[in-house]
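K.L.:
After the sequence you'll find the predicted model.
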Amino acid sequence: MRASAALTLAAALVAVAGAAGAADHTIMQQDKAFSEKAVTVKAGDRLVFTNADSITHNVYSVTPGHEFELKVQKPGQTDSVPVAKAGSLEVQCAIHPKMRLQVTVTP
């Protein structure tokens with residue numbers, strides 16, 4: 001039983017260490033634009049979208065394998081999206097089609 005408990009503890013520590021290595025990348029939305037045109041992140045990191053505008057946004061991606069939608073994001077609201085796997089994705093705003101962000105996710 002002790003060996004089993006030790007293995008369980010070791011697995012939990014590895015999981016926590018992996019999660020601790022994840023980074024947040026904050027993207028502001030202001031003046032109907034993203035604060036960045038392009039970002040590079042690592043798989044496991046999070047994209048954090050903060051609406052610093054006085055208007056509503058709807059941030060999403062339909063890139064296969066990287067789909068998400070934040071729905072209505074009110075002024076002052078912050079939401080995060082984990083990026084699980086390597087690849088490229090385009091992030092847009094459904095309300096303001098000129099808002100585009102290119103995200104490159106490295107392994």
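P.N.:
Now that the structure is in, tell me what you want to look at.
K.L.:
Can you say which helix or strand has M28 in it?
P.N.:
Here M28, judged by DSSP states H and E, is contained in strand 24-30.
K.L.:
next helix or strand past that strand?
P.N.:
strand 33-34.
K.L.:
What ranges does the protein have for its strands?
P.N.:
Counting by DSSP state E, the chain has these strands, from start to end: 24-30, 33-34, 38-42, 46-51, 59-61, 68-69, 78-82, 87-93, 100-106.
K.L.:
Same list (these) but as JSON lines, adding mean neighbour count.
P.N.:
C-betas here are computed from N, CA, C, even on glycine. Compiled in JSON lines, those are given as follows (neighbours: other Cβ atoms under 10 Å):
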{"stretch": "strand 24-30", "mean neighbour count": "16"}
{"stretch": "strand 33-34", "mean neighbour count": "19"}
{"stretch": "strand 38-42", "mean neighbour count": "15"}
{"stretch": "strand 46-51", "mean neighbour count": "19"}
{"stretch": "strand 59-61", "mean neighbour count": "20"}
{"stretch": "strand 68-69", "mean neighbour count": "14"}
{"stretch": "strand 78-82", "mean neighbour count": "14"}
{"stretch": "strand 87-93", "mean neighbour count": "18"}
{"stretch": "strand 100-106", "mean neighbour count": "17"}
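K.L.:
Who are the contact partners of T63?
P.N.:
G87, S88, L89, E90 (Cβ atoms under 8 Å, 6 or more residues apart in numbering).
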